[in-house]
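Asks: Kindly generate the corresponding structure for this input.
(one chain, ligands or ions: 1)
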Amino acid sequence: MPLDASRTVRELEELRELTGDENGAQRVAWTETWETARGWLRETVASTGATETVDAAGNQWFTLPGRSERAVLIGGHIDSVPNGGWLDGCLNVLGGVEVLRRVAEKGEPPVTIRLVNWADEEGARFGRSLFGSSAAAGSMADHDELRALRDADGISLPDALAEHGVELDRTLEARSELDSAAAYLELHIEQGPVLESLDLPLGVVLGTFGVERHRITWRGQAAHAGSTPMAQRRDALAGAAKLALEIREIAARTGDGAVCTSGGVVCRPGIVTSVVETAEQLLDQRHLDAGKLAAMLEQAEEASRRFAAEENIEVEFEKIWSIEPILFDETLLGFCEDSVREVSGTAHRLPSGPLHDAAEVSRAGVPTVMLFVQSLRGLSHTRLEDTKPEHLELAVAALDRLASKTIAWIADGG
Ligand SMILES: [Zn+2]
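Replies: Numbers count the residues shown, from 1 in each chain. As a prediction, this is how the structure comes out:
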């Protein structure tokens, strides 16, 4: 079958009908609807002749054997958040199905082609994102924490996994899946407003941002709102408030896409008649450059110490989580740029703010690249998520070209 990108759009609509409702997509991982989507994918892929296997972490693989065992991987995730959109994750998978069809039609490919539907990218039910890909990448190191996770109904993660044939203690066995991987390609909606603002359908993704997440505790003194003169207060909220504004300056000074977010502040005692004694603030900082990310964190810490001194309060930083920036493979970036230019005229390079399965695969040492397609209004994780059908078709055409170039490169010993 020659490539028919409009078929991908029809299949996305079919999947939406099958697994969504009036509030959006409901393919939350480790649920019946998710299993329905996986079954539907199995039937959809069947005509390509690719063989299905499910690994120890629940990742669903479709393999089209080639003359060489070295494999070009195309990945995505069919799981969604509750009330999610019709494209996040499944566009990647269905674009990959179309590439499989086109490759299968030409007979045995020179290298093996594998489509992977990663299990639980979103972490929507248990709060742990990139589940399947981190197992395959070997970076999953939080089994003790995973064992303790429960969903909103009190069901534990290991019990939910077992219902779908996955044993938590064996998930790292999925690592062997990447042994033969020579390259990894992922198409995704941008989930941000950059491509739309540039009026471009597609973008080449340089890598995923490094992230530094901290909990900052400001400590002052609770005191009566009526009897404590302004000059004698030790107001913990004042430190948090100053920092919430300062991070805008830090991001602006750093530039190159730097983002800093103070996503929450909890004040105690939190009553109208008291000065705030403690303010617990959440800070998320992201950058594609590890040095600049470290400098942003340092500037936030330095500013915090200054604000603490000014306000006569104390401040303490505690790391919640961090990940280093992941830069994609130079050769694949070149192929991606050529593919995007061929189908849409202009190839713009941009970083990814959100994390993706591709980051895990890249960390595992597999040459990786991602391709973005414009998101209308930058929205995702909502039923309002959308992309113009003609842009979806361009994205599938670009993914196919990227796959062709990558297959030729690997076949050539790349
Ligand atoms: Zn996604």
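
Asks: Pull the contacting residues for the residue of the stretch 301-414 of the chain found nearest the ion.
Replies: Nearest residue of the stretch 301-414 of the chain to the ion, counting by CB to the ion: H356, 6.3 Å away. All C-beta atoms are positioned from the backbone trio N, CA, C, and that covers glycine. By CB atoms under 8 Å, 6 or more residues apart in numbering, the contact set of H356 is E121, E186, H188, T208, M370.

Asks: again with E163
Replies: Counted by CB under 8 Å, 6+ apart, E163 has contacts W30.

Asks: any idea how far A174 lies from the ion?
Replies: A174 sits 19 Å away from the ion, taking CB to the ion, to the nearest Å as the criterion.

Asks: D142: neighbouring residues, count only.
Replies: By the criterion of other CB atoms under 10 Å, D142 has 12 neighbours.

Asks: for H224, same thing?
Replies: 9.

Asks: re the thing from before, just the contacts of H356: which are in strands?
Replies: Among the contacts of H356, the members found in strands (DSSP state E) are E186, H188, T208, M370.

Asks: I figured the third one hits D357, correct?
Replies: Pointing back at T208 there. No: between T208 and D357 there is no contact under CB atoms under 8 Å: 10.2 Å.

Asks: higher neighbour count, these two?
Replies: D357 (30 against 27).

Asks: What sits closest to that one if chain neighbours are left out?
Replies: S133 (3.8 Å; CB to CB, 6 or more residues apart in numbering).

Asks: ok, the one you found - contacts?
Replies: Counting by CB under 8 Å, 6+ apart, S133 has contacts N59, G75, W118, E121, D357, E360, V361.

Asks: Okay, and the second one sits in which element?
Replies: So that's G75. strand 68-76 (DSSP states H and E).

Asks: touching the ion at all, that strand?
Replies: No: with CB under 5 Å from the ion as the criterion, the ion is not reached by strand 68-76; the gap is at least 7.6 Å.

Asks: Just give the strands next to that strand in its sheet, each with its orientation.
Replies: Strand pairing for strand 68-76, determined by DSSP bridges: strand 111-117 (parallel), strand 181-189 (parallel).

Asks: What's the mean pLDDT across the last one?
Replies: Throughout strand 181-189, pLDDT has a mean value of 98.

Asks: in stretch 359-366, what counts as buried?
Replies: Within stretch 359-366, the residues that count as buried by 16 or more other CB atoms under 10 Å are A359, E360, V361, S362, R363, A364, V366.

Asks: what about it, near the ion?
Replies: No: using CB under 5 Å from the ion, stretch 359-366 stays clear of the ion, coming no nearer than 11.5 Å.

Asks: oh, and call the first residue 56 from now on, that's how I've got it
Replies: Understood, numbering begins at 56; the last thing we discussed is stretch 414-421.

Asks: what's that stretch in contact with?
Replies: 128, 130, 185, 188-189, 191-194, 233, 236-239, 262-263, 378, 381-384, 423.

Asks: Alpha carbons only: can I get that stretch in PDB?
Replies: Output of stretch 414-421 as PDB, limited to C-alpha atoms (Å, rounded to 0.1, in the frame of the first residue of the first chain):
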ATOM      1  CA  ALA A 414      13.800  11.100  26.200                       C
ATOM      2  CA  GLU A 415      14.000   7.800  28.000                       C
ATOM      3  CA  VAL A 416      15.000   5.900  24.800                       C
ATOM      4  CA  SER A 417      17.700   8.600  24.100                       C
ATOM      5  CA  ARG A 418      19.000   8.300  27.700                       C
ATOM      6  CA  ALA A 419      19.400   4.600  27.100                       C
ATOM      7  CA  GLY A 420      21.900   5.500  24.300                       C
ATOM      8  CA  VAL A 421      19.700   4.900  21.200                       C
END
